[in-house]
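[1] Any chance you can model this:
(4 chains)
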Protein chains: 4
Amino acid sequence: MNVGVVGGSGYGGAELVRLLAAHPALKLRTVAGKSAAGKRLDSVFPHLLGVDGADQRLTPATPEQLKGCDLVFLATPHEVSLDLAPALLAQGSAVVDLSGAFRLAPDVFAEWYGLPHIAPDLSPAVYGLPELFRDQIADARLVANPGCYPTAALLAMAPLAELVEPGSVVINGMSGASGAGKGLRDDLHLSHATANVAPYGAPRHRHTPEIEAIWGALVGAPDPPAVTFTPHLVPMARGELCTVVARLLDGAEAPDVSDAFVGAFAAETFVSFLGMDQWPATTHVIGGNGAHIGAAVDPRTRRVTVACASDNLVKGASGQAIQNANLMLGLPETAGLSPAGVYP
Amino acid sequence: MNVGVVGGSGYGGAELVRLLAAHPALKLRTVAGKSAAGKRLDSVFPHLLGVDGADQRLTPATPEQLKGCDLVFLATPHEVSLDLAPALLAQGSAVVDLSGAFRLAPDVFAEWYGLPHIAPDLSPAVYGLPELFRDQIADARLVANPGCYPTAALLAMAPLAELVEPGSVVINGMSGASGAGKGLRDDLHLSHATANVAPYGAPRHRHTPEIEAIWGALVGAPDPPAVTFTPHLVPMARGELCTVVARLLDGAEAPDVSDAFVGAFAAETFVSFLGMDQWPATTHVIGGNGAHIGAAVDPRTRRVTVACASDNLVKGASGQAIQNANLMLGLPETAGLSPAGVYP
Amino acid sequence: MNVGVVGGSGYGGAELVRLLAAHPALKLRTVAGKSAAGKRLDSVFPHLLGVDGADQRLTPATPEQLKGCDLVFLATPHEVSLDLAPALLAQGSAVVDLSGAFRLAPDVFAEWYGLPHIAPDLSPAVYGLPELFRDQIADARLVANPGCYPTAALLAMAPLAELVEPGSVVINGMSGASGAGKGLRDDLHLSHATANVAPYGAPRHRHTPEIEAIWGALVGAPDPPAVTFTPHLVPMARGELCTVVARLLDGAEAPDVSDAFVGAFAAETFVSFLGMDQWPATTHVIGGNGAHIGAAVDPRTRRVTVACASDNLVKGASGQAIQNANLMLGLPETAGLSPAGVYP
Amino acid sequence: MNVGVVGGSGYGGAELVRLLAAHPALKLRTVAGKSAAGKRLDSVFPHLLGVDGADQRLTPATPEQLKGCDLVFLATPHEVSLDLAPALLAQGSAVVDLSGAFRLAPDVFAEWYGLPHIAPDLSPAVYGLPELFRDQIADARLVANPGCYPTAALLAMAPLAELVEPGSVVINGMSGASGAGKGLRDDLHLSHATANVAPYGAPRHRHTPEIEAIWGALVGAPDPPAVTFTPHLVPMARGELCTVVARLLDGAEAPDVSDAFVGAFAAETFVSFLGMDQWPATTHVIGGNGAHIGAAVDPRTRRVTVACASDNLVKGASGQAIQNANLMLGLPETAGLSPAGVYP
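    Predicted coordinates for the structure are as follows:
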């Protein structure tokens, strides 16, 4: 089957190209990219030198260029995705959108992104977290690929839906710099950032309402409960960790937490529960599509702490996008993907 | 005045030597260290080559070696401090102890450190966080220098004492590796750790009861309220950040938070409040005795988030120890210390 | 075809397992490892969680365990390889040895490794640098997989064989820490090493005679010319770069250098010549089996500078080992391998 | 005495401010900076928060602003230094220039910097490497502060002047990113650079002729011998290492090398010779004004290898500038400076 990638001049698009080169059933037909249109892909991204198809030139990001694709990955800013997705769907392609364009109800989108939603009937699209919404994804033509933080946070939170107070959730995110994209910024300059930890964007990071919306659905709350999410930049390129703290409901104890995580993930290829009082490390998951989870219960505070590590560009973006595409196209969910991290 | 350092073969002791070499009034008379006794200080720590006094040999860590010191810094494991402090006090030295030996009530110490306190009448000693307990420190002969995380956490929490629910505090700590000391461990191997973020020790890290004890005193609670503290290792040598989240009391709003931090720290040399919605970065404080604090209020969640960055070996250990010594010895509190970070 | 890996408790062995999991024709039958025998592979290396076959237990490293393997990879210390290789060959397995056991003439081995060679008739085995010795490798039953530095250095040097004075070569190597293995050492402690560059081992690093032997063969010198090789540790886990400087022969100019590199590597999948005055970056090659090369000629000094970047664990070890195995077993040379780096 | 700093919006200027704050005899009267003129110093560089004088505003970089300064440090691009230095000298200030404006003979400057020298009678000024040119510096009104690489390279080379073939020198430089300044560049983006080693600028880096000029003077060659210098970026903020390889003259042996280094540096506060077969590590010198040197002789190749580690912003720039200023103003050479590194 033929697929296209839009956003090939960014990290997410380049990661899609890298992963698709190893895919047994998906053929990368077109790579489009605005800022690098006309350039060879392997000159923009020399890490792709020698890779099959990386000598092709990036095309402009127009629907015409993508005709004939069975599925298109949009690794684009949300404004671009809002424009392109309806046109691509109309010309017959399925779409996995990696931006925030279709993750939220239109009114929530407008509030957090500061612009009206121009395709309100498409949003929220099916949320592309396969471990939670596998069946809906398989039936969808448009999937909203989750943000990197929400992927890690929601994998850590979902098994707790019946065990904790929904409104008690406090999330700390720690991410490598690639989550911020390729753009040049003072706070991403190596000299500033190579030995630096700093919060940013709190308490208005755009991943917050996305976590709240899905969390609300999981706990069955008509009004999604507000969560506190504080992201931090840590000095590495890839990998992220979300540490979630929540108050246990009366009667919920450590074995219930353990059972919930084992039950949720024992059969999953890409999500591993390490056990109670075991902590994940991002170094074990970078480069692969895996997520590692650990949890602990503190009887003193009656709080549970869960940490989830993943690669923000793979399970948190492009790998998960391929996992979604596999489901949408009727392929084995794991085709072309591996949970193996590139360690050390 | 003459001072001695015990623990000169560890990072904390070496940092004391580095800082004392620039001190105008304190003369480093003796450096003791168990594992490196007999060796030249600048052969154990080549970064001290050329520094005045760094050609001296480490002595055994016995009270006899430290006779005649007006003040002794104990940068030693708590078991060693428990042994040495009473003897040193008895022979007339003031003591700043950088370990956890004298920070807790004896019963709490026994519970968290797993051994009975052998000098219960000395513990808890005056808590050496000068911005909070300046006067008591000036009158003390034994000061318990705070742990690195509690320093950052309590500077972030203290101004909130009358503004938040005491039991709602959730703290995430992120620290460079030097906080774990020089000992070799798999998880501190460069190959494993250079691009890694991981929680550790939660929810039983020994800095937890120390934070709770002081927090309890600040909020005036007879039973110290339990806090949730999750430390993380981040890939850098120095620097740490604590992000504190707590629920605001009814009526408390952002301006109250701002006023509290300005009121607490405007006159301080070493603690800077950056303002509301400004976030600190560890890269600005490493190498110096400063701490930077930022805060934000989220009206959606009614929670306040405060982050405090400091250097775990300076303001979080040896620099603060000298600040305490200055107060105890009647010297200007800032003598020999600078808030300047070594940036970039 | 069935293959075995010995050394599965080390980085090289674990990397073989990761790469073999994606190989279309080689089935990993046995993973042996001394220090972790009896443990599950994915408990020793959690980055392999969820990978096919990673739930198997490491076996002892004995020939019996490896019977029936068409080929065995020895990712073992040279002493162990010296013991195992003859036995494995005798029971019918082909062998790719990743250690230094079979790379040198027995007398040179004895001089640099400090012990007599116990299988002198097997050494030097065919040198497993496919871009230089493809045909010999295809015919071999025992291949000596090159060291990581020699791989990068010799790819940078080979095209210069007729253009430079053989005895004028000065090589600077810079490597991430994984080249030093998993063992704990003071100079690999994150606190010491995270922002550190330092030479080590010079001028007696064991990769020196290996470079000299092959360089001697390439230039056709009966007595291999001595080279100066200075390795440095740089603060990263993976990736290495060798910068080679040599004096041009009279008449050799920049276009000759360019022609030589284009001629040598234009048809290669895994080695890319970036062009004159273009420099490679390790960040583009980590995680993949590629090597990137750039060169420049300085008419002022009549010297040529060539730099080659590769991943020490892939093209410099386990990836190249699989490339060799593919050749030895009659498979497509690139089977299961990609030049794509995991970027950023 | 009053001093001024021009270039206060760059790393070099900020480092001067940090160091001058601890200087017992120099008072920082004016900090000028083009891009940040009008802003508070501690808002441009928050690491200076709380430092004495850091609440002053940067002035425009004009001679008028600097009237009354006994000495002015120019941490400015060479074009700016060319303009300012003559005017400042004319109004009575001594000048330490940290740029390349006055390090070279005018014709060499024109060749390597691509513009004619507009103050040819001032250049080359006295070269501000105190361990080599202490007396001339003490008598100078204008001192050309060495580049960071030349500082490390020449400290490694100077003792070899009578022991090696002058034209055989090959230098590899490895530097943290701060040497490249604050400007934003793709190759300094954290995501690209955090685990990257790459050469750059070779073989035309502007520090090359500076090394050659001084090396020519040291060996007494009328025509300075050309050297090969290849700089590399390594993933850290501060610190640099130069590894120098040269061919020994007949008769020169390891003890001669050792004697030369001991003789050159035994009495120096800021330069430490670690001994033969000992290697320096940048981690020991960052933050301080020290340089560490190690050397080895390889009898096989008849070459000597010397490595020198220093902090590019301190001994390689601002610390050395203050060392020069101390000499020029008749103060103790070490005033306000320490060789101590901030370790770990």
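[2] use CA for all of it now, contacts and neighbours both
    Noted.
[3] show me what contacts the closest residue to A:His284 other than its chain neighbours?
    Leaving aside its sequence neighbours, A:His284 sits nearest to C:His47 (C-alpha to C-alpha, 6 or more residues apart in numbering or on different chains; 4.2 Å). When contacts are counted by C-alpha atoms under 8 Å, 6 or more residues apart in numbering or on different chains, C:His47 touches A:283-285, A:339-343.
[4] Could you measure from A:Glu79 over to D:Ala25?
    58 Å (C-alpha to C-alpha, to the nearest Å).
[5] swap in A:Ile211?
    Taking C-alpha to C-alpha, one finds A:Ile211 at 58 Å from D:Ala25.
[6] Please identify the buried residues of the helix or strand where A:Arg247 lies?
    Secondary structure from DSSP states H and E places A:Arg247 in strand A:240-247. Residues of strand A:240-247 classed as buried by neighbour count (16 or more other C-alpha atoms under 10 Å in any protein chain shown): A:240-247.
[7] Give me the contact status of that strand with chain D.
    No. Figure legend: strand A:240-247 not in contact with chain D (C-alpha under 8 Å from any C-alpha of the partner chain); closest approach 13.4 Å.
[8] hmm, that strand touching chain B?
    Yes. Strand A:240-247 reaches chain B (C-alpha under 8 Å from any C-alpha) through A:240-241, A:245.
[9] Out of these, which comes closest to D:Val304?
    A:Glu240 (45.6 Å; C-alpha to C-alpha).
[10] Let me know whether the closest one touches A:Leu313 as I believe.
    No. Using C-alpha atoms under 8 Å, A:Glu240 is not in contact with A:Leu313; the gap is 9.5 Å.
[11] who's in contact with stretch A:114-134?
    So stretch A:114-134 is contacted by A:82, A:86, A:101-107, A:109-110, A:136-137, A:140, A:142-146, A:151, A:265, A:268, A:320-321, A:323-324, A:327 (C-alpha under 8 Å, 6+ apart).
[12] Strands - which of the residues you listed land there?
    The strands, defined by DSSP state E, take in A:142-144 from those.
[13] Is it possible to get a markdown table of the residues you listed that adds neighbour count, distance to chain C and pLDDT?
    Formatted as a markdown table, these follow (neighbours: other C-alpha atoms under 10 Å in any protein chain shown; distance: C-alpha to the nearest C-alpha, whole Å; pLDDT from 0 to 100):
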| residue | neighbour count | distance to chain C | pLDDT |
| --- | --- | --- | --- |
| A:Leu142 | 28 | 28 | 98 |
| A:Val143 | 30 | 25 | 98 |
| A:Ala144 | 26 | 24 | 98 |
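[14] Checking the residue in the stretch 101-250 of chain A that chain C sits nearest to next. Helix, strand or coil?
    Closest contact between the stretch 101-250 of chain A and chain C, by C-alpha to the nearest C-alpha, is at A:Ala237 (6.1 Å). Three-state call for A:Ala237 (DSSP: H, G, I helix; E, B strand; the rest coil): coil.
[15] For it, give me phi and psi.
    Phi and psi for A:Ala237, reported as degrees, to the nearest 10, are phi -80, psi -40.
[16] May I ask which helix or strand encompasses the nearest residue to A:Met174 once chain neighbours are set aside?
    Excluding the flanking residues, the one nearest A:Met174 by C-alpha to C-alpha, 6+ apart is A:His232, at 4.6 Å. Following DSSP H and E, the helix or strand that holds A:His232 is strand A:228-233.
[17] Could you spell out the sheet neighbours of that strand, each with its direction?
    Using DSSP bridges, the strands paired with strand A:228-233 are strand A:170-175 (parallel), strand A:198-199 (antiparallel).
[18] could the ones you listed be laid out in TSV, adding mean pLDDT and mean neighbour count?
    Output for the strands paired with strand A:228-233, formatted as TSV (pLDDT from 0 to 100; neighbours: other C-alpha atoms under 10 Å in any protein chain shown):
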stretch	mean pLDDT	mean neighbour count
strand A:170-175	98	26
strand A:198-199	98	25
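[19] Quick one: name the residues of the stretch 151-300 of chain A near chain B.
    So far as C-alpha under 8 Å from any C-alpha goes, the stretch 151-300 of chain A lies against chain B at A:170, A:172, A:174, A:191-200, A:202-203, A:226-228, A:234-241, A:245, A:277, A:279-283, A:296-298, A:300.
[20] For burial, what's the neighbour tally of the residue of the stretch 201-344 of chain A at minimum distance from chain D?
    Among the residues of the stretch 201-344 of chain A, A:Ala237 lies nearest to chain D; the distance is 4.4 Å by C-alpha to the nearest C-alpha. A:Ala237 has 29 neighbouring residues, counting by other C-alpha atoms under 10 Å in any protein chain shown.
[21] Strands of chain A, start to end?
    Taking DSSP E as the test, the strands found in chain A are A:2-6, A:27-32, A:71-74, A:94-97, A:126-127, A:142-144, A:170-175, A:198-199, A:228-233, A:240-247, A:271-276, A:291-298, A:303-310.
[22] Could you pull up the contacting residues of A:Phe102?
    A:Phe102 touches A:82, A:122-125, A:143-144, counting by C-alpha under 8 Å, 6+ apart.
[23] meant to ask about A:Arg300, not that
    A:Arg300 is in contact with B:Ala226, counting by C-alpha under 8 Å, 6+ apart.
[24] Check the contacts of stretch A:114-134 for burial and list the buried ones.
    A:82, A:86, A:101-106, A:109, A:137, A:140, A:142-146, A:151, A:265, A:320-321, A:323-324, A:327.
[25] Narrow those residues to those in helices?
    A:82, A:86, A:106, A:109, A:137, A:151, A:265, A:320-321, A:323-324, A:327 (DSSP state H).
[26] Test my guess that A:Asn2 contacts A:Phe73.
    No. Look at A:Asn2 against A:Phe73 with C-alpha under 8 Å: they stay out of range, at 11.3 Å.
[27] which one of the two has more residues nearby?
    A:Phe73 (28 against 16).
[28] wait, what's in contact with the more buried one?
    For A:Phe73, the contact set (C-alpha under 8 Å, 6+ apart) comprises A:3-6, A:95-98, A:321.
[29] circling back: so which of the strands paired with strand A:228-233 is nearest A:Ala291?
    With C-alpha to C-alpha as the yardstick, what comes closest out of those is strand A:170-175 (14.0 Å).
[30] now the angle between strand B:240-247 and that closest one, please.
    Angle, strand A:170-175 to strand B:240-247, by axes from the mean of the first three to the mean of the last three C-alpha atoms, to 10 degrees: 150 degrees.
[31] and strand A:170-175 with strand A:303-310, angle?
    Angle, strand A:170-175 to strand A:303-310, by the same axes, to 10 degrees: 20 degrees.
[32] about what we covered before: tell me which strands the strand holding A:Arg247 pairs with, and in which orientation.
    The strands beside strand A:240-247 in its sheet (DSSP bridges) come out as strand A:170-175 (antiparallel), strand A:303-310 (antiparallel).
[33] right, so of those, which gets closest to A:Leu66?
    A:Leu66 lies closest to strand A:303-310 among the strands paired with strand A:240-247, at 30.8 Å (C-alpha to C-alpha).
[34] Contacts for that closest one next, please.
    So strand A:303-310 is contacted by A:152-153, A:155-157, A:239-248, A:279-282, A:285-286, A:289-298, A:316, B:199, B:203, B:228 (C-alpha under 8 Å, 6+ apart).
[35] Narrow those to those that are buried.
    A:152-153, A:155-157, A:239-248, A:279-282, A:285-286, A:289-298, A:316, B:199, B:203, B:228.
[36] Setting aside sequence neighbours, what's the nearest residue to the residue most central in space within chain A?
    By C-alpha atoms, centre = their mean, chain A has its centre lying nearest to A:Gly316, at 3.1 Å. Excluding its sequence neighbours, the residue lying closest to A:Gly316 (C-alpha to C-alpha, 6+ apart) is A:Cys148, at 3.9 Å.
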